[in-house]
Structure formats: C-alpha cells, structure tokens
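J.: Predicted model and sequence below, questions to follow.
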Amino acid sequence: MARKRKAAKRSKKKEHIDVYAQKRREIVDALALHDVARLRQLGQDPGGFLSNSLRRKAWPLLLLHPAWNKVNKKGLKMAHKDEAQVLLDVKRSFSVYPKGIDAKKTQSLQRQLNHVIVDVLRTYPSLHYYQGFHDICTVLLLVYEGHQHVDQLASHIALFYLRDAMLESLEPVLHQLHLVDTLLQLEDDRVALHLQETGVLPFYCLSWVITWFSHDLDNLVAIERLFDLFLCSNPSMPLFVTAALVIYFRDDILCLDDASMMHHTLSRFPSREFDLEHVVAHALQMAQRWTPQDLQEKAAQPLARVSTINTFSTQWRVAQMDEFGQKWVDDACAILKLAPHERTPWTIEKPSTTVPWKQLVVTTTLSVGTIAIFMLSYYQQTK
C-alpha cells in the first residue's frame with residue numbers, strides 16, 4: 001500500500017513537471033514570435049508566466065514596449081508637484097517584501113524606487129500621483145532587479161492601465177467600484193443582498209484595485225502572478241478578482257451583521273490564506289460572461305468613454321507591436337489633459353429596465369471622505 005502511495009506521488013510530481021515544462025516551452029515560443037495574443041492567454045492560464053526570468057521578457061511585449069531598455073533618456077525635466085508625497089511613501093516601502101533584507105539594501109531600493117516614480121511623473125507631468133502607485137512600481141523594480149529603465153514600463157502601465165486613477169481625483173475609480181456590487185449581484189445574489197442590507201459600500205477594495213493587490217498581499221509570488229493576469233487583461237480585471245475573492249469568503253460575510261465589522265473583515269481578505277488560482281479562474285469565468293460594457297449597462301453606471309476600461313478593446317488591445325508609436329502615448333496624454341466635464345460617459349445602448357440594487361452616489365464630499373478613510377487604512381497597513 002505504501003509503495004502504491006509513493007508511486008502515485010512520484011507520478012503526480014512527474015506530471016506537474018511535464019506540465020510546467022510544456023507551458024514554459026509555449027511561453028518561450030510566443031516570446032520568440034512576439035505573439036502578444038498568445039502571451040495574453042498564457043499569462044491568464046494557471047501559473048501565469050511561471051518565473052521572473054520569463055516575466056522580464058513577457059511584460060514589455062504585453063506593454064507594447066519591447067525596446068523599453070534601449071530608450072535614450074532625455075536631459076533634466078521639470079520637477080513634478082507630487083514629488084514630496086512620493087518621497088514620503090517611498091520611505092515606508094520595502095518593510096514587508098522582499099524578506100530578509102538589511103537596512104542598507106532597503107535604503108538602496110528606496111532610492112531606486114524614488115527615481116522610477118519621479119522619472120514617470122516628470123516625463124508625463126499630466127499624471128497625478130496617488131498613494132499606491134509606489135506599490136505598483138515596487139513590484140516592477142523587484143521583478144526587474146533594479147534595472148535603470150523600469151520607469152519605461154511603469155509609464156506604460158500608468159498611461160494605459162492605471163490612467164483612471166491618475167487623474168485629478170480618484171472619483172473615476174470610485175465609480176468603477178460600483179461595478180463590483182453589480183458583479184456580486186449577478187454572481188451571488190445572496191452575498192450581494194446581505195452587503196446591501198448591512199449597508200456596506202465597496203470602498204473596502206479601493207486599495208486592492210489601485211495597487212493590483214500589491215499593498216494588501218504580503219506574498220510577492222502571488223502578487224507577481226496577479227500582475228501577469230492584469231497585464232494580460234482588460235483594466236477591469238482587478239474588479240473581477242475582487243468579486244471572486246469576496247465570493248470565495250462568502251460564508252464569513254453571511255455570518256456578519258455589523259457594518260463596521262463587515263468592512264473590517266472584507267478589507268482583510270487578501271491577507272488571509274486562499275486558493276489564488278481558484279480565485280483567478282473564477283474571475284476569468286466572470287469576465288467571459290460579462291464584458292465591461294455589460295456591467296455598465298447592468299449597473300446603469302456608465303464610465304467615461306475615455307476610461308481605460310472602455311478604450312482597451314478598441315485601441316490598446318488591437319494595437320500591434322509594429323504599429324505602436326508615439327501617437328498612442330500622445331492620445332493617452334491628451335486624455336489626461338481633458339477637464340472632468342469633457343470626459344463624457346459611455347453611451348449605454350441597452351439601458352437597464354430595473355433600478356440598480358444599490359446606487360453608488362459619488363459626490364465631492366463623499367469622495368473626500370472616502371479617500372480620507374482609505375488613507376487612514378493605508379497608513380495602518382503600510383508597507
């Protein structure tokens with residue numbers, strides 16, 4: 001009996017190695033061909049890009065920036081208005097991951113991180129820094145082992161994935177959070193109804209969405225896996241992962257009735273043990289069932305036409321490496337310069353015939369209050 005168990009264990013291990021080796025070959029082949037569509041599929045599949053050595057090759061292609069490490073940086077640029085805040089956030093970085101580094105190494109990483117963020121902001125001064133962007137840049141810096149041109153990749157993430165969070169306020173992102181409620185209503189109406197009755201708004205997941213979970217997870221391998229997923233998907237994918245994670249812990253939600261305790265419990269979900277690939281698979285299944293446009297129609301909550309969520313499928317996703325050029329960057333910069341009233345809502349072709357179960361009203365007062373709560377929570381959990 002014991003021999004059979006050992007044989008079964010060896011067989012399972014060999015099968016795992018074979019699957020890993022096969023996927024690695026597929027990734028290498030897609031990289032050689034610059035096959036972005038295939039890379040997107042492989043990055044979404046279980047395990048993502050498997051290792052940082054492959055990520056370092058795949059991520060620039062996904063960001064349509066294969067020559068990122070050959071850019072000839074220009075001379076001095078004007079200082080950005082947010083640099084003081086950047087420095088404050090950088091000084092709190094690298095306290096959770098990587099593990100086991102000494103004070104000297106921490107200070108060196110912090111200096112590099114500050115350079116990366118400042119270079120992004122000075123190159124694209126219309127970007128507004130938000131607390132949490134430094135978490136995104138931290139992961140890039142670690143994956144690319146401090147490469148001096150990491151700011152080139154961070155810039156493309158800012159312009160084409162996180163642009164909605166880098167406008168003059170986080171209000172566009174707060175509108176996006178409403179889509180999480182809609183997803184929950186569509187996928188698990190019991191959980192959605194319980195959250196509604198408890199009066200919990202989806203602000204518990206703000207840091208999850210704007211940092212791609214890099215602020216709330218302390219497992220760098222898991223964070224890198226999620227970055228694989230997000231770089232291979234529509235910018236709405238963090239919303240799908242959020243909904244999948246909430247549903248994963250549905251039993252914990254349904255046994256709570258107090259709003260403050262509920263918010264606290266929800267906000268701690270990423271720090272708990274869970275099956276990441278299960279959550280990712282569920283998020284991908286939901287994304288297959290519901291497009292971002294479907295969600296906006298169901299929620300009666302149209303985002304701006306120029307939201308990264310709405311432009312991804314018509315502009316960024318269809319772009320090819322050989323056609324990508326300065327025009328794409330210029331278009332993104334032009335969107336950043338639009339006044340709020342010029343960012344008109346996307347037109348809902350099939351208006352919902354029912355009243356949304358919970359309308360997220362984002363007034364200026366609420367936005368300020370929400371961001372204040374987020375900042376307090378952020379500092380309490382800060383890395």
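T.: Received it, and whenever you're ready, just let me know what you need. Residues are numbered from 1 along each chain as shown.

J.: does residue 301 belong to a helix or a strand, and which?
T.: Residue 301 belongs to no helix or strand when assigned by DSSP states H and E.

J.: The residue nearest to residue 308 when sequence neighbours are not counted in helix, strand or coil?
T.: The shortest distance from residue 308 to any residue that is not its chain neighbour, by Cβ to Cβ, 6 or more residues apart in numbering, is 4.3 Å, and that residue is residue 235. C-beta here means a position set from N, CA and C on the backbone, and glycine is covered the same way. Taken by DSSP: H, G, I helix; E, B strand; the rest coil, the conformation at residue 235 corresponds to coil.

J.: distance of residue 235 from residue 110?
T.: Taking Cβ to Cβ, to the nearest Å as the measure, residue 235 and residue 110 are separated by 28 Å.

J.: Where does pLDDT dip in this structure?
T.: Flagging of the chain using pLDDT under 70 yields the residue ranges 1-16, 72-76, 315-325, 350-383.

J.: Next up, phi/psi of residue 165, please.
T.: The phi and psi values for residue 165, taken as degrees, to the nearest 10, are phi -90, psi -10.

J.: Next up, the contacts around it.
T.: By Cβ atoms under 8 Å, 6 or more residues apart in numbering, residue 165 lies in contact with 130, 132, 133, 172, 173, 210.

J.: for those residues, which one is nearest residue 97?
T.: residue 132 (15.6 Å; Cβ to Cβ).

J.: For that closest one, give me its contacts.
T.: Taking Cβ under 8 Å, 6+ apart as the test, what residue 132 contacts is 165, 207, 210, 211, 215, 378.

J.: How about residue 40?
T.: So, once contact is read as Cβ under 8 Å, 6+ apart, residue 40 ends up touching 62, 232, 233.

J.: Dump these into CSV; add distance to residue 31 as well.
T.: Shown next, in CSV, are the contacts of residue 40 (distance: Cβ to Cβ, whole Å):
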residue, distance to residue 31
62, 11
232, 14
233, 19
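
J.: Return the closest of these with respect to residue 267.
T.: The shortest distance between residue 267 and any of the contacts of residue 40, using Cβ to Cβ, involves residue 233 and amounts to 23.4 Å.

J.: so how many other residues sit close to the closest one?
T.: Here the count is done by other Cβ atoms under 10 Å, and residue 233 has 22 residues near it.

J.: Skip the chain neighbours and tell me the closest residue to it.
T.: The spatial neighbour of residue 233 that comes closest, neighbours along the chain excluded (Cβ to Cβ, 6+ apart), is residue 44 at 6.6 Å.

J.: On the three-state scheme, residue 126 is what?
T.: Residue 126 is classified as coil under three-state DSSP.

J.: what sits against it?
T.: With contacts taken as Cβ under 8 Å, 6+ apart, residue 126 has the following neighbours: 333, 336, 337.

J.: And residue 225, by the same measure?
T.: Going by Cβ under 8 Å, 6+ apart, residue 225 touches 47, 48, 276, 280.

J.: ditto for residue 52
T.: Taking Cβ under 8 Å, 6+ apart as the definition, contacts of residue 52 comprise 143, 224.

J.: now swap in residue 245 and tell me
T.: Residue 245 touches 208, 269, 270, 274, 279, counting by Cβ under 8 Å, 6+ apart.

J.: is it true that residue 183 touches residue 292?
T.: No - with contacts defined as Cβ atoms under 8 Å, residue 183 does not count as touching residue 292, sitting 10.7 Å away.

J.: out of these two, which sits in the more crowded spot?
T.: Of the pair residue 183 and residue 292, residue 183 is the one with more neighbours under other Cβ under 10 Å, namely 28 against 24.

J.: Let me see the backbone angles for the closest residue to the more buried one other than its chain neighbours.
T.: Take residue 183 and drop its neighbours on the chain: the residue closest to it by Cβ to Cβ, 6+ apart is residue 243, 4.0 Å away. The main-chain torsion angles of residue 243 are listed as degrees, to the nearest 10 and equal phi -60, psi -40.

J.: Compute the number of surrounding residues for residue 243.
T.: Other residues near residue 243 come to 29 when the count uses other Cβ under 10 Å.

J.: Which one's more surrounded, residue 235 and residue 110?
T.: residue 235 (24 against 20).

J.: Check whether the more buried one really touches residue 310, as I assumed.
T.: No - applying Cβ under 8 Å as the test, residue 235 and residue 310 come out as separate, 9.4 Å apart.

J.: What is the nearest of the contacts of residue 165 to residue 303?
T.: The closest of the contacts of residue 165, once distances to residue 303 are taken by Cβ to Cβ, is residue 172, at 7.0 Å.

J.: related to what we said a few turns ago, from the contacts of residue 132, list just the buried residues.
T.: In terms of neighbour count (16 or more other Cβ atoms under 10 Å), the buried residues within the contacts of residue 132 are 165, 207, 210, 211, 215, 378.

J.: The fourth one contacts residue 137, doesn't it?
T.: The one in question is residue 211. No - at 10.3 Å, residue 211 and residue 137 do not qualify as touching, with contact defined as Cβ under 8 Å.

J.: Could you pull out the helices in the stretch 151-300 of the chain for me?
T.: Remark: helices assigned in the stretch 151-300 of the chain by DSSP state H, counting those that start in this stretch are 171-187, 189-198, 206-210, 220-231, 237-248, 250-254, 259-267, 276-289, 292-299.

J.: Looking at those, which is nearest to residue 55?
T.: That would be helix 220-231 among these, by Cβ to Cβ, at 6.6 Å.

J.: What residues sit buried inside the closest one?
T.: Across helix 220-231, burial judged by 16+ other Cβ under 10 Å covers 220, 222, 223, 224, 225, 226, 227, 228, 229, 230, 231.

J.: so that helix versus helix 237-248, what angle?
T.: Here the directions of helix 220-231 and helix 237-248 differ by 130 degrees (axes from the mean of the first three to the mean of the last three Cα atoms, to 10 degrees).
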